[in-house]
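Colleague: Sequence unavailable; structure follows:
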């Protein structure tokens with residue numbers, strides 16, 4: 001990309017306006033990414049457009065296309081934001097665990113939280129994650145999310161068990177969002193306990 005100094009004719013009005021707005025609104029990129037998550041929650045991945053995201057973010061259409069040239073760029077940013085938010089929530093959860101507490105019980109409680117009070121958030125996160133199936137540009141972001149989750153759980157066990165826990169944790173969520181009834185707490189806890197007691 002050429003800089004204004006390198007372009008004799010100067011930047012186009014649109015890019016100049018977006019750049020100036022970015023200087024006045026340093027959080028605009030993140031706000032657009034969060035708005036994309038909201039739009040996916042409302043209409044799904046396939047109906048996401050720059051125009052809908054701009055409206056949700058309260059910014060000009062030119063801002064979304066300035067920061068995110070393609071819809072895949074926008075989706076990748078939304079997925080990364082969702083992943084960052086989720087990992088931050090999990091770290092807060094982990095910080096609140098009692099030393100020597102029952103990890104299987106805590107993980108079961110966490111699964112039921114994701115499928116209960118946080119169900120809507122869980123659904124949109126999975127929509128973004130699964131979008132990587134048909135959008136190669138998103139695959140590395142989904143994989144980074146997997147790695148962060150496995151590393152967090154490994155902090156309480158070991159690398160191999162942490163990875164297994166993350167797979168089981170995600171599996172319960174994926175099954176849970178397509179079913180009407182919540183899984184039984186005892187079943188969820190027993191699955192984690194079986195893995196941890198091996």
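Modeller: Received, thanks. Only a predicted model underlies this, so the values are computations on that prediction, with no experimental measurement involved. Numbers count the residues shown, from 1 in each chain.
Colleague: Pull out the buried residues from the longest helix belonging to the chain.
Modeller: The longest helix of the chain (DSSP state H) is helix 71-95. Buried residues in helix 71-95, defined by neighbour count with 16 or more other C-beta atoms under 10 Å: 71, 74-83, 86-87, 90. C-beta: built from backbone N, CA, C; applies to glycine.
Colleague: again with stretch 189-196
Modeller: Buried residues in stretch 189-196 (16+ other C-beta under 10 Å): 189, 191-193, 195-196.
Colleague: returning to that earlier point: would you mind checking which of the buried residues of helix 71-95 is nearest to residue 162?
Modeller: residue 90 (12.2 Å; C-beta to C-beta).
Colleague: Domain-wise, how is the chain divided?
Modeller: 1-69, 76-198 (automatic domain parsing).
Colleague: Give me the distance between residue 121 and residue 153.
Modeller: Residue 121 is 20 Å from residue 153, where distance means C-beta to C-beta, to the nearest Å.
Colleague: wait, I meant residue 144
Modeller: From residue 144 over to residue 153 the distance is 15 Å, taken as C-beta to C-beta.
Colleague: And these two? Which one has more around it.
Modeller: A side-by-side neighbour count of residue 144 and residue 153, using other C-beta atoms under 10 Å, places residue 153 first with 23 against 15.
Colleague: which residue is nearest the centroid of the chain?
Modeller: Nearest to the geometric centre of the chain sits residue 82, at 2.1 Å (C-alpha atoms, centre = their mean).
Colleague: which residues sit in contact with that residue?
Modeller: Listed by C-beta atoms under 8 Å, 6 or more residues apart in numbering, the contact set of residue 82 reads 37, 124-125, 128-129.
Colleague: Ignoring the adjacent residues along the chain, who's closest to it?
Modeller: Closest residue in space to residue 82, ignoring its immediate chain neighbours: residue 125 at 4.9 Å, by C-beta to C-beta, 6 or more residues apart in numbering.
Colleague: Helix or strand for the one you found, just tell me which one.
Modeller: Taking DSSP states H and E as the criterion, residue 125 maps to helix 119-130.
Colleague: residue boundaries of the helices in this protein?
Modeller: Assigned by DSSP H, the helices in the chain fall at 13-24, 28-43, 50-57, 61-67, 71-95, 103-115, 119-130, 136-154, 159-177, 185-196.
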